[in-house]
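Visitor: My questions concern the predicted model and sequence given below.
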Amino acid sequence: MKISEALGRRALLRGMLGGSAVTVGLPILECMLNGNGTAYAATGQALSPCFGTWFWGLGLVPGMWEPKEKGTKYTLPDHVAALKPIQSKMTLFSGMQVFLDGKVNQNHYSGPQCQATGIVSRNGSDYTTSIDSVIADQIGKGTRFRSIEVNCDGDRRATWSARGSNGMNPAEISPLALYTRIFGPEFRDPNSATFTPDPNTMVRHSVLSAVSDKRRDLMTKISATDKARLEEYFTSVRDLEQKMAVELEKPAALPGCVVPKASATEDVGVFVEQVHKTQKQFAQLLAHALACGQTRIFNITLSSGFSRLRTPGEPNIYHSLTHEEPVDQKLGYQVKCKYLAEQSMELFSEFVQALDAVKEGQGTLLDRCVVYAFTDHGEARLHSMKRYPIFVAGSGGGRLKTGMHVAAEGDAATRVGLTLQQVFGVATGSWGTESNRASKPISEILA
């Protein structure tokens, strides 16, 4: 039997660890693909597309992020210079807005509600099925996880993913808990309120140790190229395990250290460096889940619209700064808010680069993904619903053009969501309600 026949697209390594089953999905190898690296050799089926959302709170500084040029030959302003490494693999949309149609602007809610569901409600109680769930019905069936939601600053409620009107899907806030979900289908329920990961079985003993015999056997049957690819993949998994193990260890005692009562209830994970580290771990885990076919749908929330992001020594969280920090009279903007907005762009760029670093045939994981990035306000200080920054990274397996700036002054932001749904085969001629109803996709980005 040829190894290309033995290793199908659903190939897994299974083992036992401490009496529990563990599963390690395999990335897409050359031996699984056709000669062009575009489809599975055994079936001729094209690589499955993936879709995800990436939300960040409080927008960007108006007038400082919009490129002057349209089309493919545009220069990124300094405010979004962090996107330069992914510029050729993303499209930037400017000028779009969310229409209220006489409804009250529910600050930090109405904007993302519309971009995620197509609807602006009169109150905050009728949030309904979001775009990721709509697309999941088209491309997400048959995977182990219908979708994966994560939040990077410790707020489990901060997510814009929903199925039906029963409330938003809670986000995972712990990379360790997500690790246990992905690598062990028979481990204890990580969604239980009393769940406490056991580092002895979850990390220190390693899922790779549980499948070591099968891993060694597999290595004898594949090409040198695939062997190198798997070694890189397994090294990445091991590195992630080791980093988590260190974080679980009790730190050495510091007799001179006294925790002030005032900060005893302070939420962890809100400093930029902490959020940065958390997203990096989530990125590795989500890349694994996508590359190994365990899910095709994901949702990342960097922070809620009421963003709690902070910098060391700064008493105010990001959201408070947007209202309280004075505009610098010489520069014309809020200096601290501009810095935090640029940190958000750096984090988005790093996440997209993490997907692009996973090689698949002649392309990368990002090439078959679409990442839809949106925010709550065009300008947070004024709670503006106009001039939204919207980004779409990845081509969805060649379905979208990338490397473009699309200036759509005054258009409904829902046009982006409609376009993405149609790209993934959702049978809909329109999306949204009232003035936010979009019936015309953005043809410039269609491949």
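Guide: The structure has been received and is ready for your questions. Numbers count the residues shown, from 1 in each chain.
Visitor: And what about the most centrally placed residue in the chain, helix, strand or coil?
Guide: Central residue of the chain (Cα atoms, centre = their mean): Ile300, 3.8 Å from the mean position. Local secondary structure at Ile300 is given as strand here, using DSSP: H, G, I helix; E, B strand; the rest coil.
Visitor: low pLDDT regions in the chain?
Guide: 1-10, 17-20, 124-125, 184-205, 243-268 (pLDDT under 70).
Visitor: can you pull out the helices in this structure?
Guide: 3-6, 110-117, 131-139, 175-183, 199, 207-210, 212-219, 224-248, 272-291, 318-324, 335-356, 414-423 (DSSP state H).
Visitor: among the ones you listed, which is the most enclosed?
Guide: helix 110-117 (a mean of 26; mean count of other Cβ atoms under 10 Å). (C-beta placed from N, C-alpha, C; glycine too.)
Visitor: Quick one: list the elements packing against that one.
Guide: On a contact count with 3 or more Cβ pairs under 8 Å, 6 or more residues apart in numbering; DSSP states H and E, helix 110-117 meets helix 131-139, strand 369-374, strand 388-393, helix 414-423.
Visitor: Figure out which of these is closest to Tyr74.
Guide: strand 388-393 (13.4 Å; Cβ to Cβ).
Visitor: Need the helices of the chain in TSV (columns: distance to Ser94).
Guide: TSV is the format used below for the helices of the chain (distance: least, Cβ to Cβ, whole Å):
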stretch	distance to Ser94
helix 3-6	45
helix 110-117	14
helix 131-139	20
helix 175-183	33
helix 199	47
helix 207-210	44
helix 212-219	48
helix 224-248	36
helix 272-291	25
helix 318-324	20
helix 335-356	14
helix 414-423	11
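Visitor: So for Leu100, which of those sits nearest?
Guide: With Cβ to Cβ, the closest approach to Leu100 among the helices of the chain belongs to helix 110-117: 6.7 Å.
Visitor: now that closest one and strand 388-393, what's the angle there?
Guide: For helix 110-117 against strand 388-393, the angle by axes from the mean of the first three to the mean of the last three Cα atoms, to 10 degrees is 30 degrees.
Visitor: Restricting to C-alpha, output helix 110-117 in CSV.
Guide: Below are the C-alpha coordinates for helix 110-117, written out as CSV (Å, rounded to 0.1, in the frame of the first residue of the first chain):
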residue,chain,number,x,y,z
SER,A,110,-24.5,48.0,18.0
GLY,A,111,-21.5,48.2,15.6
PRO,A,112,-20.1,44.7,16.1
GLN,A,113,-23.6,43.2,16.4
CYS,A,114,-24.3,44.5,12.9
GLN,A,115,-21.0,43.3,11.4
ALA,A,116,-21.4,39.9,13.0
THR,A,117,-25.2,39.3,12.5
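Visitor: the inter-axis angle of that helix versus helix 414-423?
Guide: Here helix 110-117 runs at an angle of 20 degrees relative to helix 414-423 (the same axes, to 10 degrees).
Visitor: Can you tell me what sits against helix 110-117?
Guide: 53, 55, 98, 100, 103, 106, 119-121, 127-132, 160-162, 305, 374-377, 385, 388, 390, 413-414, 416-417, 432, 436 (Cβ atoms under 8 Å, 6 or more residues apart in numbering).
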